[in-house]
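Enquirer: Model the following, please.
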Amino acid sequence: MKSVTGLYLTMCIMNFAILANITIFHGKWNGITMSLCTLLLIVGTGFFVSAKMNKNSL
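Expert: Numbers count the residues shown, from 1 in each chain. Alright, predicted model coming up:
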């Protein structure tokens, strides 16, 4: 998977989590949503760095 596709997918999941928290749960799960978004940000960053390192090593 390309790094841009992985980052876009991560962003979509983050936005869906925020949207679900606001619309379905009426903002009651803010801590869980923030933790999930932070975890996804770390995963997306790791994916991007890994893709860049593999690209540079070729």
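Enquirer: how many neighbours does Phe47 have?
Expert: 17 (other C-beta atoms under 10 Å). Bear in mind the C-beta positions are built from the backbone N, C-alpha and C, glycine included.
Enquirer: Can you tell me the element it falls in?
Expert: Using DSSP states H and E, Phe47 falls within helix 30-57.
Enquirer: Could you report the neighbour count for Thr10?
Expert: Using other C-beta under 10 Å: Thr10 sits among 19 other residues.
Enquirer: cool, and the one 5 residues further on?
Expert: Applying the criterion other C-beta under 10 Å, we find 11 residues in the vicinity of Asn15.
Enquirer: same deal with the one 3 residues further on?
Expert: Residues contacting Ile18 under the criterion other C-beta under 10 Å number 16.
Enquirer: What distance do you get for the nearest residue to it once chain neighbours are set aside to Cys12?
Expert: Counting by C-beta to C-beta, 6 or more residues apart in numbering, Thr33 is the residue found nearest to Ile18 once chain neighbours are left out, at 6.1 Å. As for Thr33, its distance to Cys12 is 15 Å (criterion: C-beta to C-beta, to the nearest Å).
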